[in-house]
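Trainee: my questions are about this predicted structure, shown below with the sequence.
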Amino acid sequence: MNLSDYALTAYSHGGGCGCKIAPSVLDTILHQARPAQPNANLLVGNQSRDDAAVYNLGNGQALISTTDFFMPIVDDAVDFGKIASANAISDVYAMGGKPVLAIAILGWPVEKLPAELANKVLEGARAICEEAGIPLAGGHSIDSPEPIFGLAVNGLVNIQNLKQNNTGKPGDLLFLTKSIGTGILSTAQKRKKLSPVHYAGLLNQLIQLNKVGAALGDLEGVHAMTDVTGFGLLGHLIEVAEGAGLSAEIRLKDIPLLDGTTFYLEQGIQPGATKRNAASYYHKVKNSTGHPDDYITGLLADPQTNGGLLIAAAPDEKSRVQDMLAQYGLGNYLEPIGMLTEAGEKRVNLI
């Protein structure tokens with residue numbers, strides 16, 4: 001059997017960030033009966049469900065530390081390595097930082113899949129790390145029932161440029177730097193129903209680094225930032241609004257979608273994580289779009305893998321944010337999808 005004959009998604013029960021544990025279950029796991037001892041140098045821990053931990057180095061800079069790993073979202077081993085690596089590195093960019101070092105995390109079913117295929121996963125990881133300008137400096141591997149891959153990533157940020165997910169302000173404009181729909185399209189691919197054209201669009205987005213985040217860190221008027229991953233756009237938007245004690249108003253028509261997303265959704269194709277996500281937080285959403293709730297959750301609770309950055313920026317910073325997005329090749333994402341507002345009855349109002 002040739003290496004190209006192995007379809008990685010056939011060896012896992014889930015894929016990409018759709019593997020994430022549902023938010024409501026995660027709340028139970030992370031619940032602390034006794035508060036952790038405070039550490040004066042820990043600027044960001046897990047209290048705000050932010051993208052990474054941040055530690056003050058005492059010289060005006062902070063260390064950003066994060067990890068992310070999952071099961072295959074595509075069949076090709078090299079592409080799987082690229083996607084998992086870009087997704088893990090994204091957490092550093094989402095904090096306004098610059099990645100500096102990565103360590104690999106590999107679980108491999110050695111009795112089911114050849115070791116040479118795992119080598120191809122690492123080949124993809126090295127390519128993305130090289131694109132990010134960082135070394136893949138080592139790692140750890142185990143024999144596991146399903147293939148798993150990801151990275152632990154460290155980055156640096158000037159403390160004054162640090163961006164968090166809970167520091168938005170009323171009136172902030174909300175930008176999204178990638179289209180949504182990766183969960184739907186990857187599920188269609190696993191079911192052998194995704195067209196080659198739609199697969200090409202999906203893969204192109206999945207391997208795209210969120211480099212603009214490090215540049216956005218320099219803008220004082222960018223008040224908050226996060227990346228949209230396994231909890232879907234609504235889940236991460238609720239984290240942003242709730243963390244700041246605000247609400248958000250979002251225009252459905254302005255949310256960018258990957259080509260083919262609604263086509264496959266209308267065929268009933270969606271990952272199982274979508275319903276788990278919706279059950280966890282959709283009660284915090286007001287749907288005034290005229291579309292049924294099932295359609296809204298199908299799109300906006302869809303788990304994203306290596307999704308775009310969700311940016312909250314002051315209105316007078318709009319043109320500078322747009323210029324920066326254009327500079328990084330994100331000209332299709334220049335217009336805001338909504339704004340943060342004073343807290344209302346619901347955390348998110350969809351219009």
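Mentor: Noted; the coordinates are in hand. Numbers count the residues shown, from 1 in each chain.

Trainee: where in this protein is pLDDT low?
Mentor: By pLDDT under 70, the weakly predicted segments of the chain are 1, 14-27, 29-37.

Trainee: what residue is smack in the middle of it?
Mentor: Centrality entry for the chain: nearest residue to the mean C-alpha point is residue 229, 2.8 Å, by C-alpha atoms, centre = their mean.

Trainee: isn't that residue right next to residue 88, touching?
Mentor: No: applying C-beta atoms under 8 Å as the test, residue 229 and residue 88 come out as separate, 10.4 Å apart. Every residue, glycine included, has its C-beta placed from N, CA and C.

Trainee: just the strands from the stretch 201-350 of the chain, written as ranges.
Mentor: For the stretch 201-350 of the chain, applying DSSP state E, counting those that start in this stretch gives strands covering 222-227, 246-250, 285-287, 309-313, 338-342, 348-350.

Trainee: the last one pairs with which strands, parallel or anti?
Mentor: If you go by DSSP bridges, strand 348-350 pairs up with strand 246-250 (parallel), strand 285-287 (parallel).

Trainee: quick one: which of those strands is nearest residue 109?
Mentor: Nearest of those to residue 109, taken as C-beta to C-beta: strand 285-287 at 39.0 Å.

Trainee: and the strands in the stretch 51-200 of the chain?
Mentor: Using DSSP E, counting those that start in this stretch, the strands of the stretch 51-200 of the chain run over 53-56, 61-70, 98-108, 136-143, 148-158, 173-176.

Trainee: if I look at residue 303, how far off is residue 228?
Mentor: Using C-beta to C-beta, to the nearest Å, residue 303 is found at 9 Å from residue 228.

Trainee: of those two, who's got more company?
Mentor: Between residue 303 and residue 228, counting by other C-beta atoms under 10 Å, residue 303 is the more crowded of the two (32 against 28).

Trainee: surely that one touches residue 230?
Mentor: Yes: if you go by C-beta under 8 Å, residue 303 and residue 230 touch, sitting 4.5 Å apart.

Trainee: if we can go back for a sec, quick one, which of the strands of the stretch 51-200 of the chain is nearest to residue 118?
Mentor: Of all these, it is strand 98-108 that lies closest to residue 118, at 4.8 Å by C-beta to C-beta.

Trainee: how far out from the middle of the chain is the closest one?
Mentor: 16 Å (C-alpha atoms, centre = their mean, to the nearest Å).

Trainee: that strand pairs with which strands?
Mentor: strand 136-143 (parallel), strand 148-158 (antiparallel).

Trainee: ranking the ones you listed by burial, who's on top?
Mentor: For the strands paired with strand 98-108, the largest average neighbour count (mean count of other C-beta atoms under 10 Å) is found in strand 148-158, namely a mean of 22.

Trainee: what separates residue 107 from residue 281, distance-wise?
Mentor: 29 Å.

Trainee: those two - which one has more neighbours?
Mentor: Using other C-beta under 10 Å, the more surrounded residue of residue 107 and residue 281 is residue 281, with 23 against 18.

Trainee: so the more buried one sits against residue 237, correct?
Mentor: No: here residue 281 does not reach residue 237: they are 9.6 Å apart, not a contact under C-beta under 8 Å.

Trainee: I figured residue 284 hits residue 237, correct?
Mentor: No: Residue 284 is beyond contact range of residue 237, at 9.8 Å (criterion: C-beta under 8 Å).

Trainee: which residues touch residue 318?
Mentor: 173, 336 (C-beta atoms under 8 Å, 6 or more residues apart in numbering).

Trainee: from residue 286, how far off is it?
Mentor: Using C-beta to C-beta, which is the criterion applied here, residue 318 is 26 Å from residue 286.

Trainee: can you check residue 204 too?
Mentor: As judged by C-beta to C-beta, residue 204 and residue 286 stand 34 Å apart.

Trainee: next one: residue 269
Mentor: 27 Å.

Trainee: looking at the two, which is more packed in?
Mentor: Ranked by neighbour count (other C-beta under 10 Å), residue 269 and residue 286 place residue 269 first, with 21 against 15.

Trainee: what about the residue nearest to residue 207 when sequence neighbours are not counted, how many residues nearby?
Mentor: Leaving out its chain neighbours, the residue that sits closest to residue 207 by C-beta to C-beta, 6 or more residues apart in numbering is residue 82, at 4.5 Å. Residues near residue 82, counting by other C-beta under 10 Å, number 27.

Trainee: kindly report the same for the one 10 residues further on.
Mentor: By other C-beta under 10 Å, the residues close to residue 92 number 29.

Trainee: my read: it touches residue 63, true?
Mentor: No: with contact defined as C-beta under 8 Å, residue 92 does not reach residue 63; the gap is 10.3 Å.

Trainee: surely residue 44 and residue 53 touch.
Mentor: Yes: counting by C-beta under 8 Å, residue 44 does reach residue 53; the two are 6.0 Å apart.

Trainee: looking at the two, which is more packed in?
Mentor: Neighbour count, other C-beta under 10 Å: between residue 44 and residue 53, residue 44 has more, with 21 against 18.
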